[in-house]
Each structure stands twice: as C-alpha cells, then as structure tokens.
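Colleague: Would you be able to build a 3D model of this:
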Amino acid sequence: MNDKLKRLELVRSTWDAYHPDYMEFNLRETPEFHEDFTNGAVMLDDHVTEIAGSVVGKKLLDVCCAGNAKQAF
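Modeller: Model (predicted):
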C-alpha cells in the first residue's frame, strides 16, 4: 500500500471512530441538526465564511459528510 493510500485509510478509520461521538454531541446540542442541513443550513467557522464570502445561491460540497466515510469513496 503506498503512502497516499495509507494516509487515506488513517483519515478514514479515524473519522469512523470519531463520527458517533461527533453526531451525539451535535444532536444533543441541536436536536434539529439533520433538519437544519436538509433545509440548507451551513456550519462554517467565522474565518471560513469571511474567506468564502457570500454563498447565497451557490452549491456547496460538504467534504466532511455526516455519513460513514467509507461510503464517500
């Protein structure tokens, strides 16, 4: 396995291990978490939105999806 695939597998396995806790926290803090995103909510830090500018009317790719990371590849 080359270095790129090793890094990908490390990221994938780390996310898979972290994801249940991440979702539990978000659902506890915001029970309507899934509904918000279905309705177009965006969860970005202030510095990211400053750099990106207005995204109104644009399509965004969520590179950190709330599904199993293995399904994304």
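Colleague: May I see the buried residues of the helix or strand containing residue 19?
Modeller: Element membership for residue 19 (DSSP states H and E) is helix 3-29. In terms of neighbour count (16 or more other C-beta atoms under 10 Å), helix 3-29 has its buried residues at 15, 19, 26. Bear in mind the C-beta positions are built from the backbone N, C-alpha and C, glycine included.
Colleague: Return the list of helices and strands in contact with it.
Modeller: helix 33-38 (3 or more C-beta pairs under 8 Å, 6 or more residues apart in numbering; DSSP states H and E).
Colleague: Summarise which helices and strands the helix it packs on is packed against.
Modeller: Secondary-structure packing of helix 33-38 (3+ C-beta pairs under 8 Å, 6+ apart): helix 3-29.
Colleague: give me every residue that touches residue 9.
Modeller: Residues in contact with residue 9 (C-beta atoms under 8 Å, 6 or more residues apart in numbering) are residue 1.
Colleague: how far away is it from residue 16?
Modeller: Using C-beta to C-beta, to the nearest Å, residue 9 is found at 10 Å from residue 16.
Colleague: again, but for residue 2
Modeller: The gap separating residue 2 from residue 16 is 21 Å, by C-beta to C-beta.
Colleague: ok, now residue 36?
Modeller: Between residue 36 and residue 16 the computed distance is 24 Å (C-beta to C-beta).
Colleague: Check residue 37 too.
Modeller: The gap separating residue 37 from residue 16 is 20 Å, by C-beta to C-beta.
Colleague: related to what we said a few turns ago, tell me the mean pLDDT for the helix holding residue 19?
Modeller: Per-residue pLDDT over helix 3-29 has a mean of 87.
Colleague: And that helix, how far out from the chain middle?
Modeller: Computed by C-alpha atoms, centre = their mean, to the nearest Å, the chain-centroid distance of helix 3-29 equals 10 Å.
Colleague: now stretch 50-60
Modeller: Relative to its parent chain, stretch 50-60 has a centroid offset of 16 Å by C-alpha atoms, centre = their mean.
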